[in-house]
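[1] Starting from these lines, generate the structure:
(2 chains)
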Amino acid sequence: MSDTAKKVVTRFAPSPTGLMHVGGLRTGLFAWLWARKNSGTFILRIEDTDKIREMPGSKEQIMESLSWLGLTWDFGPDKPGTWGSCIQSERLSVYKTYAEKLIEKGLAYPDPYTEEEVEAFRKKAEENKLPFLFRNHRPETFESWDGTKPLRFKVPELKRYEWHDEVRGALSAGMEALDDFVLIKADGFPTYNFCHIVDDIEMGVSHVMRGEEFISSTPKFLSLYEALGVQPPIFATLPPILGESGTKKLSKRDGAKDVLDYRAEGYLPGAMVNFLAFIGWNPGGEKEIYSIQELIKSFSIDRIQKAGARFNPEKLDWINKEHIKLLPMEEAFEKMLSYFKDESLSELSLERLKKLLPVAYDRMNTFSDFHTDFKNGEYSYIIEAPVYDQKNIIWKTDTLENAQKHLREVKSILSTLPDDLWNLENIKHAVWEYAEKEGRGNVLWPLRYSLSGKDKSPDPFTLAFALGKDETLKRI
RNA sequence: GGCCCUAUCGUCUAGUGGUCAGGACAGCGGGUUUUCAAUCCGUUAACCGGAGUUCGACUCUCCGUAGGGUCACCA
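    This is a model prediction of the structure:
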């Protein structure tokens, strides 16, 4: 960084109106990565100026989601900066000061109309197939503002705006994008259009990252920056995350889940971050599994994608699995077991369950998979002996008599294996020779089936080991 | 409707005028100590269309087409 370069300050500014889903979080992640990459500052700002839509607990949920993923903020709701609070509803006086500055300059005025009147203007414009512009109804003289009416911005100059976007390149829009928008609502709270700019100025934000829905209002923001005499920050427009259907932006209807649901389902935060980072960005090479540190190192704005990307849960599962593989196995086992806390299993069942952990580990994508399969009855044989149709123990073209003969034989072989040598390797070793001789399937399928009673299950040796010698011999 | 944005395998993408258009997920096929899973190997599959610039266009320009965004006292 050169001496003249501004310190990188980014912010994530969600409004606490509902659950935090992956779309919003990805925006926060990119801002965070950019701040961390440049040893800059990351601010979490709560934009709670719409008191009607605000949802209790939402702010806490946002903070918890970010914390889970390790996206730490330097300033936030719990850490005010030199500018004061990071919660907009606690900054009303700041916005008022800026509003008064604009009034003094003659660039803000109270809206003399009632809501109904404005609505009528809008309707008429619509009927005439014209875009509604309040500035066409701007009063000739401005009243003084007593705070009971909405305060509107007076566009200083109608002109075409051209600006640079770090992702999209040169952008521009004509004067029809400019209007006398509301700065402060009748309820005394500022609008997003106004207060986010005031805050970005006050907090020294250098890079603004947000979704493409803000491109069309950027001329308004630029005109406001101009009115305030402030140099605008650097803009970077992020591509939308599309739902699985692929057309609309990801929404709750489209399966967008609360970020914390992923935690509940057993996804690793590192995997989640890895996955989110790769929606609409990628570092180039063929490596796809990145740690958070590696992401910080390789993140760059110029590799952010322009077009929208679909949310692909299968890829998330794969990435999660790859991250799980990097974890010590003991840790993974613990996480898998944590889902069984409320199952009130017997000591014996629990013991068997633990012996199945290694095979369940190989099969899973998330830590909750083992428990989910268990709930679906796929492991019912660890609790009680299966009831099944004799016919099912026959492997392919073999006969029932043969199958029964094989089982008797295996039983006698296994009964000679001492209790203290009852482990996976020895069981396999003991049965293997006989199975080879008689045909693997002919022997192993009946064995597996008699132990599990299932068409699909882990291999017979694992089952025998998990069930223990007595139970195994009993079931055969 | 006005204004604006976007466009490579089914999906996520690499590619910045000359590539057999590469990788990953999914799919398909096969190997691995029986089943399912896992794993390993292999494999199918794409430059939205049309002009133009150029010796040469996925890459540059224009025009279409399709999709998306936005036109609030919501953010």
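[2] Do stretch A:101-111 and RNA strand B come into contact?
    Yes - under the criterion of Cβ under 7 Å from any atom of the strand, stretch A:101-111 makes contact with RNA strand B via A:Asp111. Where C-beta positions appear, they are placed from N, C-alpha and C, glycine not excepted.
[3] what mean pLDDT does that stretch have?
    Average pLDDT, stretch A:101-111: 97.
[4] That stretch: end-to-end distance?
    With Cα to Cα, to the nearest Å as the measure, stretch A:101-111 spans 17 Å from end to end.
[5] Next: stretch A:256-266.
    Across stretch A:256-266, the terminal residues are separated by 17 Å (Cα to Cα).
[6] Name the residues of it that come out as buried.
    By 16 or more other Cβ atoms under 10 Å, the buried positions in stretch A:256-266 come out as A:256-259, A:262-263, A:265-266.
[7] Kindly report the same for stretch A:343-358.
    If you call a residue buried by 16+ other Cβ under 10 Å, then stretch A:343-358 has these buried ones: A:345, A:349, A:352-353, A:355-357.
[8] Of those, which belong to helices?
    Residues of the buried residues of stretch A:343-358 located in helices (DSSP state H): A:349, A:352-353, A:355-357.
[9] Turn those residues into a markdown table, columns for distance to A:Leu19 and pLDDT.
    A markdown table is the format used below for these (distance: Cβ to Cβ, whole Å; pLDDT from 0 to 100):
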| residue | distance to A:Leu19 | pLDDT |
| --- | --- | --- |
| A:Ser349 | 36 | 96 |
| A:Arg352 | 38 | 96 |
| A:Leu353 | 33 | 97 |
| A:Lys355 | 39 | 96 |
| A:Leu356 | 35 | 97 |
| A:Leu357 | 33 | 97 |
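[10] show me the contacts for the residue nearest to A:Asp187 when sequence neighbours are not counted.
    Of all residues not flanking A:Asp187 in the chain, A:Lys51 sits nearest, at 7.2 Å (Cβ to Cβ, 6 or more residues apart in numbering). Listed by Cβ atoms under 8 Å, 6 or more residues apart in numbering, the contact set of A:Lys51 reads A:89, A:187, A:189.
[11] hang on, isn't the last one packed against A:Thr49?
    Yes - contact status for A:Phe189 versus A:Thr49: in contact at 4.4 Å, counting by Cβ atoms under 8 Å.
[12] Give me the more crowded residue out of these two.
    Neighbour count, other Cβ atoms under 10 Å: between A:Phe189 and A:Thr49, A:Thr49 has more, with 24 against 17.
[13] which one of the ones in helices among the buried residues of stretch A:343-358 is nearest A:Gly280?
    Distance ranking of these against A:Gly280, using Cβ to Cβ, places A:Leu357 first at 36.7 Å.
[14] Distance-wise, check that closest one relative to RNA strand B.
    13 Å (Cβ to the nearest atom of the strand, to the nearest Å).
[15] Which residues are in contact with that residue?
    Contacts of A:Leu357 by Cβ under 8 Å, 6+ apart are A:333, A:336-337, A:370.
[16] Would you format the contacts of A:Lys51 as TSV with secondary structure, distance to A:Arg310 and pLDDT included?
    Formatted as TSV, those follow (DSSP: H, G, I helix; E, B strand; the rest coil; distance: Cβ to Cβ, whole Å; pLDDT from 0 to 100):
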residue	secondary structure	distance to A:Arg310	pLDDT
A:Ser89	helix	36	98
A:Asp187	coil	39	95
A:Phe189	coil	36	98
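[17] can I see the domain layout of chain A?
    Domain assignment for chain A, taken from automatic domain parsing, gives A:91-238, A:335-383, A:390-475.
[18] ok, and the most crowded of the contacts of A:Leu357?
    Result: A:Phe370 is most packed of these (other Cβ under 10 Å), 26 neighbours.
[19] if we can go back for a sec, assign the residue nearest to A:Asp187 to helix, strand or coil.
    coil (DSSP: H, G, I helix; E, B strand; the rest coil).
[20] From the contact counts, what lies against the least confident helix or strand in chain A by mean pLDDT?
    Scoring the helices and strands of chain A by mean pLDDT, DSSP states H and E places helix A:115-127 at the bottom, with a mean of 89. Other helices and strands packing on helix A:115-127, by 3 or more Cβ pairs under 8 Å, 6 or more residues apart in numbering; DSSP states H and E, are absent; none qualifies.
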